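Participant: got a structure for you, letters missing:
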């Protein structure tokens with residue numbers, strides 16, 4: 001008999017959790033051992049007709065479940081089977097449809113976190129039969145707090161979409177640098193722009209392509225914490241970062257920056273394959289950084305900070321690691337033998353950009369190695385590992 005599994009987060013094509021859920025649903029669509037649904041309303045799904053058909057039973061089950069939760073509005077409901085619970089950084093269950101706190105016969109916590117775990121959260125975490133984290137660093141931090149019921153399951157990528165391929169050469173005379181991730185201090189767009197200011201002054205053909213849309217725009221102002229740059233301007237109409245305006249305020253010509261906004265996951269591969277390099281000097285990642293994984297899977301040379309969850313992506317010469325990691329002025333400092341947030345150095349970022357710019361052959365070789373190593377981290381592998389945990393812990 002198939003195990004009933006319920007997701008505690010929506011599926012979507014627009015943000016990390018949503019992409020995670022969408023790909024679990026696609027991977028398990030034809031699995032006779034699992035009947036999946038989600039207890040959360042899903043929006044922003046950009047998939048093709050074949051995928052839509054494959055997900056039809058999942059959608060039907062999800063709508064029935066969500067309608068049934070209405071009578072438990074603002075309360076608690078047990079959905080039976082296994083509940084994969086999205087946890088906040090206090091290790092509390094995130095409410096689902098109709099503000100219902102959902103539980104299963106077996107409730108497995110799923111979390112990506114970057115901050116200190118408070119004593120009350122430690123005690124809550126210990127009550128779950130299993131906590132699934134998105135990186136070895138997250139697991140190491142939890143074990144540092146004495147939480148042992150923890151497993152690591154990396155997020156994945158779809159190799160049918162994210163793979164090396166030819167460029168369209170839309171900007172044949174430019175050197176394209178990609179920077180992706182929601183605009184905030186943790187994602188370190190301030191370090192990106194500070195390094196780009198120096199690099200583009202030497203190489204006016206450089207073009208910074210940004211995907212910095214933040215679904216939680218209150219965090220954008222945190223980019224001012226470092227004091228490296230002029231204050232971040234916001235677009236009054238969208239309440240999003242004005243990337244070109246920020247560049248101009250810091251002496252960078254506006255025509256050297258293109259912001260592509262919020263892009264559905266299915267549209268990202270074509271954008272990435274146009275790039276010459278991707279840059280991720282992030283201060284912390286509770287997971288592995290889905291955008292960085294996708295860039296590497298497309299065969300891009302990637303410059304990436306050697307800290308927190310990023311460490312799981314670095315394998316020999318498959319990227320350009322930023323080795324000079326100092327404690328970040330803000331953020332989690334670490335626990336036991338688990339280090340905390342890392343601060344990449346602007347001069348090393350510039351040096352790595354120069355390395356890619358100067359030796360394109362070596363850059364292509366590193367990109368090819370990146371694509372090879374990423375094949376161990378597909379969504380199929382994510383679903384396989386998660387299924388193994390579900391089947392091990394389910395109640396007979």
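Facilitator: Noted; the coordinates are in hand. Not measured: the values here are computed from a predicted model.

Participant: show me what contacts the residue nearest to residue 307 when sequence neighbours are not counted?
Facilitator: By the measure of CB to CB, 6 or more residues apart in numbering, the closest residue to residue 307 outside its immediate chain neighbours is residue 342, 3.1 Å from it. (C-beta placed from N, C-alpha, C; glycine too.) For residue 342, the contacting residues are 283, 284, 305, 306, 307, 308, 325, 326, 327, 328, by CB atoms under 8 Å, 6 or more residues apart in numbering.

Participant: quick one, domains of this structure?
Facilitator: Under automatic domain parsing, the residue ranges defining each domain of the chain are 3-156+378-393, 175-374.

Participant: most tightly surrounded among these?
Facilitator: domain 175-374 (a mean of 20; mean count of other CB atoms under 10 Å).

Participant: how far is it from where the chain is centred?
Facilitator: 13 Å (CA atoms, centre = their mean, to the nearest Å).

Participant: which residues does the residue nearest to residue 39 when sequence neighbours are not counted contact?
Facilitator: Spatial nearest neighbour of residue 39, chain neighbours left out: residue 96 (3.8 Å); criterion: CB to CB, 6+ apart. Contacts for residue 96 (CB under 8 Å, 6+ apart) come out as 8, 39, 40, 66, 69, 102.

Participant: on that earlier part again, quick one: which of the contacts of residue 342 sit in strands?
Facilitator: The strands, defined by DSSP state E, take in 305, 326, 327 from the contacts of residue 342.

Participant: return the member of those nearest to residue 175.
Facilitator: Nearest to residue 175, judged by CB to CB, of these is residue 305 at 21.2 Å.

Participant: give me the distance between the closest residue to residue 323 other than its chain neighbours and residue 348.
Facilitator: Nearest residue to residue 323 in three dimensions, chain neighbours excluded: residue 306, at 5.7 Å (CB to CB, 6+ apart). Per CB to CB, to the nearest Å, residue 306 is found 11 Å from residue 348.

Participant: give me the pLDDT for the residue nearest to residue 39.
Facilitator: On pLDDT, residue 96 comes in at 93.

Participant: for it, give me phi and psi.
Facilitator: Torsion angles at residue 96 (phi, psi; degrees, to the nearest 10) stand at phi -110, psi -150.

Participant: helices along the stretch 151-300 of the chain, start to end?
Facilitator: Listed in chain order, the helices of the stretch 151-300 of the chain (DSSP state H, counting those that start in this stretch) span 189-202, 243-249, 268-272, 290-297.

Participant: picking up where we left off before, list the residues that contact both of residue 306 and residue 348?
Facilitator: 322, 323.

Participant: if we can go back for a sec, and the residue nearest to residue 307, what are its phi and psi?
Facilitator: In terms of degrees, to the nearest 10, the main-chain angles of residue 342 are phi -120, psi 140.

Participant: quick revisit: the domains of the chain: which one's closest to residue 162?
Facilitator: The nearest among those, by CB to CB, is domain 175-374 at 3.9 Å.

Participant: which residues sit against stretch 346-364?
Facilitator: So stretch 346-364 is contacted by 175, 177, 191-192, 194-195, 198-199, 202-203, 228, 276-277, 279, 281, 299, 301, 303, 320, 322-324 (CB under 8 Å, 6+ apart).

Participant: can you show me the strands along the stretch 201-350 of the chain?
Facilitator: Along the stretch 201-350 of the chain, the segments classed as strands by DSSP state E, counting those that start in this stretch run 206-211, 234-235, 240-241, 257-259, 277-280, 302-305, 320-322, 326-327, 334-335, 338-339, 342-343.

Participant: dump those strands to CSV, plus mean pLDDT and distance to residue 154.
Facilitator: Converted to CSV, the strands of the stretch 201-350 of the chain look like this (pLDDT from 0 to 100; distance: least, CB to CB, whole Å):
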stretch, mean pLDDT, distance to residue 154
strand 206-211, 98, 21
strand 234-235, 94, 34
strand 240-241, 96, 29
strand 257-259, 96, 29
strand 277-280, 98, 16
strand 302-305, 98, 15
strand 320-322, 98, 18
strand 326-327, 96, 26
strand 334-335, 93, 21
strand 338-339, 94, 17
strand 342-343, 98, 19
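
Participant: any chance of those in JSON lines with distance to residue 52 as columns?
Facilitator: Output for the strands of the stretch 201-350 of the chain, formatted as JSON lines (distance: least, CB to CB, whole Å):
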{"stretch": "strand 206-211", "distance to residue 52": "25"}
{"stretch": "strand 234-235", "distance to residue 52": "33"}
{"stretch": "strand 240-241", "distance to residue 52": "29"}
{"stretch": "strand 257-259", "distance to residue 52": "30"}
{"stretch": "strand 277-280", "distance to residue 52": "30"}
{"stretch": "strand 302-305", "distance to residue 52": "32"}
{"stretch": "strand 320-322", "distance to residue 52": "39"}
{"stretch": "strand 326-327", "distance to residue 52": "47"}
{"stretch": "strand 334-335", "distance to residue 52": "44"}
{"stretch": "strand 338-339", "distance to residue 52": "42"}
{"stretch": "strand 342-343", "distance to residue 52": "41"}
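
Participant: mind checking these for the one nearest to residue 132?
Facilitator: Per CB to CB, nearest to residue 132 of these: strand 338-339, 17.5 Å.

Participant: just checking: what are the partner strands of the closest one?
Facilitator: Paired strands of strand 338-339, with direction, are strand 334-335 (antiparallel) (DSSP bridges).
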